[in-house]
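# Structure for this input, please:
(one chain, ligands or ions: 1)
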Amino acid sequence: MKIITAGFHHESNTFNPIITDSIDFNIYRGNEIYDAMKTYESVRGVVETLESYDGYEVIPTLFARAVPNGEVSNKLYYSLKEEMVEMMKKIENPDAITLALHGSMRVEGLGEAEGDLLEVIRSLFPRVPIVVALDMHATVSEKMLSNADAFCGYKQAPHTDCFETGALAAEMTKITLDTGKPLTMSCHRIPMLIAGEKSETGTQPMKQMIEELRDLEKKPEILAASYLLGFPWADSEDNCVTSLVVTLDDEDSARSEAEILASKFWAERDNFKFHTDSFEPKEALEQALSAEGRPIYLSDSGDNPTAGSSGDCTGLLEIILDSPGVEKLEKPLLYAGIYDPVAVKTCLKAKEGEELTLTFGAAFDTVTTKPLTKKGFVAASIKGWGDYSADMVLFRTGNTEIILVSRHIGFIGPDMFYALGVDPLKRKLITVKLGYLTAFHKEIAAKTFMALSTGSSNEILESLPYNKVKRPLFPLDKDAVYK
Ligand SMILES: [Zn+2]
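Residues are numbered from 1 along each chain as shown. You can find the predicted model right below:
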């Protein structure tokens, strides 16, 4: 069996003015995917699982991914799509197509990307099964549904089951090919948006509902059951939570089970709460300063680049820099960080330790935030760090050390601190632009607080300027009705 694979991953935040472009994407062509699979887990799940089956041959085409950010450049999207299509056209008589997509990628001037992409792939291979592994935060559209045979989404947030989800897509591909029976899929729209920080799967009510998905998948007629939560920081017509069930040639079961899942989810709508102690920024800093243990973490949640925010908002940082409590800390507060390529360049030109006056922040988002100008010095720097090859600078001003980065990256683990010569275990207070902490940070955090700060990943969804989402929609409309 000859299976085409491809991948396209981006979560696009429509409130962030940055256009995500080629500099932000890592792109792999053909066999390059085998090098990228070390970090590209859903694709690894697809490829390794298919290759483990006797008689199955995987044909990798194009894979692209970037850190969540603003919408994707129109020109870049169409050129990558064209390249992917040209590679696929050269493959004669494939038996199936198994893809790893995000599901909430948006393109400037186009809107949702996955439906557009699946439509063209379907037109190339009208009678070939198309099976897709999605992110849990996928926004399911009509166009996606009508141009694919089966979807399955991650069941863990933080996403620790990307490999398993890719593997499940591969298994469904094998089942339909081996039996010759069609995959049947049904979904149900649930008119809700949920901030990621209220839907970690280690907490209720998500924990229980994910267990129910897993129980459902134990039934012989059910191949995959997913809750696809949509992406709250995108003002898109299709945004909502979707329950989705895949069966083998059993439409009735798919339909009835998807409906039951949707009712269960809706019944829990008032039970989604923040599970990290969350406060307005000033109060959050005070709480963090008076907490016992170290390091204490404080999330700058409104400007979380891993939720597609710009990463250059300075609201919480300004409060930190004005805080007498921070000045009294034995070791500097570590702030990770600010995305500002110009400020990084300026710092890299300066000598380490030499005083300079630096303007930083609001390099992209000039609406919700403003730049700050402070005297300080460069305490450390490193070039070309990590998967996205970012230049990083540790800028010290007062009793705060700010990590400035030249690329739009997530502040996902303490390895970047160590790379700059900072031992996070010796710091009392660390601020990160994240919502809930990643497992890497959680492992060392003595306690975590979340500042409900402003930015393009504002956790208070009711305060965001939505225009396009279909109303009524909970919690924007508290009296939303589900049918
Ligand atoms: Zn996600």
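
# Residues of the protein that sit close to the ion?
135, 137 (Cβ under 5 Å from the ion). Every C-beta, even on glycine, is put in place using the N, C-alpha and C of the backbone.

# Longest strand in the chain, please.
Longest strand of the chain, by residue count under DSSP state E: strand 372-385.

# pretty sure Arg122 is in a helix, no?
Yes - counting by DSSP: H, G, I helix; E, B strand; the rest coil, Arg122 falls inside a helix.

# follow-up on the earlier one: list the buried ones in the helix or strand that the longest strand of the chain is followed by?
The helix or strand immediately downstream of strand 372-385 is strand 390-397, counting by DSSP states H and E. For strand 390-397, the neighbour count (16 or more other Cβ atoms under 10 Å) marks 390-397 as buried.

# quick one: which of those residues is nearest to the ion?
Ala390 (21.4 Å; Cβ to the ion).

# who does the longest strand of the chain touch, helix- and strand-wise?
In terms of contacts (3 or more Cβ pairs under 8 Å, 6 or more residues apart in numbering; DSSP states H and E), strand 372-385 is packed against helix 315-321, helix 341-349, strand 355-360, strand 390-397, helix 415-419.

# Count the neighbours of the nearest residue to Gly153 once chain neighbours are set aside for me.
Closest residue to Gly153 apart from its sequence neighbours, by Cβ to Cβ, 6 or more residues apart in numbering: Ser226 at 3.9 Å. For Ser226, the count of nearby residues is 27 (other Cβ atoms under 10 Å).

# got it, and Ile190?
Count around Ile190 with other Cβ under 10 Å applied: 25.

# of all of the chain, which residue lies closest to the ion?
Scanning the chain for proximity to the ion using Cβ to the ion identifies His137 as nearest, at 3.6 Å.

# For that residue, which non-adjacent residue is spatially closest?
Here the residue nearest His137, using Cβ to Cβ, 6+ apart, is Phe231, at 4.7 Å.

# ok, back up a step: tell me the strands beside the longest strand of the chain, with direction?
Note on strand 372-385: by DSSP bridges, its sheet partners are strand 355-360 (antiparallel), strand 390-397 (antiparallel).

# what about Gly103, which SS state?
Going by three-state DSSP: Gly103 is coil.

# the domain parsing of the protein - what is it?
2-271, 277-458 (automatic domain parsing).

# what's the closest of those to Val469?
Val469 sits nearest to domain 2-271 of all these, at 5.0 Å, using Cβ to Cβ.

# so how far is the first residue of that closest one from its last?
46 Å (Cα to Cα, to the nearest Å).

# Quick check: of the buried residues of strand 390-397, which lies closest to Lys370?
Thr397 (16.3 Å).

# so who does the closest one touch?
321, 358, 374-376 (Cβ atoms under 8 Å, 6 or more residues apart in numbering).

# How about Ile27?
By Cβ under 8 Å, 6+ apart, the neighbours of Ile27 are 62-64, 80.

# as a whole number, average confidence for the helix or strand where it lies?
Assigned by DSSP H and E, Ile27 belongs to strand 25-29. Average pLDDT, strand 25-29: 96.

# That one: partners in the sheet, and parallel or antiparallel?
strand 57-66 (antiparallel).

# next helix or strand past the partner strand?
helix 74-89.

# Buried residues, that next one. List them.
76-77, 80-81, 84-85, 87-88.

# From the chain's centroid, how far away is that helix?
Distance of helix 74-89 from its chain centroid, counting by Cα atoms, centre = their mean, to the nearest Å, is 23 Å.

# by contact count, what packs against it?
So helix 74-89, by 3+ Cβ pairs under 8 Å, 6+ apart, packs with strand 2-9, strand 25-29, strand 57-66, helix 114-124.

# Tell me which of the ones you listed is the most buried.
Mean neighbour count (mean count of other Cβ atoms under 10 Å) peaks for strand 2-9 among those, with a mean of 23.

# can you list the residues that contact it?
Under Cβ under 8 Å, 6+ apart, the answer for strand 2-9 is 33, 40, 42-43, 46-47, 50, 56-66, 80, 84, 88, 91, 93-102, 105, 113-114, 117, 135, 173.

# Could you export the least confident helix or strand in the chain by mean pLDDT as CSV, CA atoms only?
The weakest-scoring helix or strand in the chain, judged by mean pLDDT, DSSP states H and E, is helix 33-36 (a mean of 90). This file holds the C-alpha atoms of helix 33-36, laid out as CSV (Å, rounded to 0.1, in the frame of the first residue of the first chain):
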residue,chain,number,x,y,z
ILE,A,33,10.9,14.6,7.5
TYR,A,34,12.9,11.7,9.0
ASP,A,35,15.3,14.3,10.5
ALA,A,36,12.4,16.5,11.8
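
# distance between that helix and the chain's centre?
For helix 33-36, the distance to the chain centre is 21 Å (Cα atoms, centre = their mean).

# Check which element follows that helix along the chain.
helix 41-51.

# name the helices or strands packed onto that following helix?
strand 2-9, helix 33-36, strand 57-66, strand 96-101, strand 130-134, helix 162-179.

# weakest of the ones you listed by average pLDDT?
helix 33-36 (a mean of 90).

# I'd like to check which residues are in contact with Glu51.
Glu51 neighbours (Cβ under 8 Å, 6+ apart): Val58.

# Distance check, it against His9.
As judged by Cβ to Cβ, to the nearest Å, Glu51 and His9 stand 21 Å apart.

# ok, now Ala36?
When Ala36 is compared with His9 (using Cβ to Cβ), they lie 11 Å apart.

# same question, Val432
Relative to His9, and taking Cβ to Cβ, Val432 is found at 22 Å.

# Which positions in stretch 408-422 come out as buried?
408-414, 416-417, 420, 422.

# repeat for stretch 28-37
28, 33, 36-37.

# now swap in stretch 443-460 and tell me
For stretch 443-460, by 16+ other Cβ under 10 Å, it's 444-445, 447-459.

# Ok, stretch 137-148 next?
Quick answer for stretch 137-148 (16+ other Cβ under 10 Å): 137-141, 143-145, 147-148.

# same check, this time on stretch 219-231
222-231.

# so of those, which ones are in strands?
Checking the buried residues of stretch 219-231 against DSSP E, those in strands are 222-228.

# Nearest to Ser309 among those residues?
Leu228 (21.4 Å).
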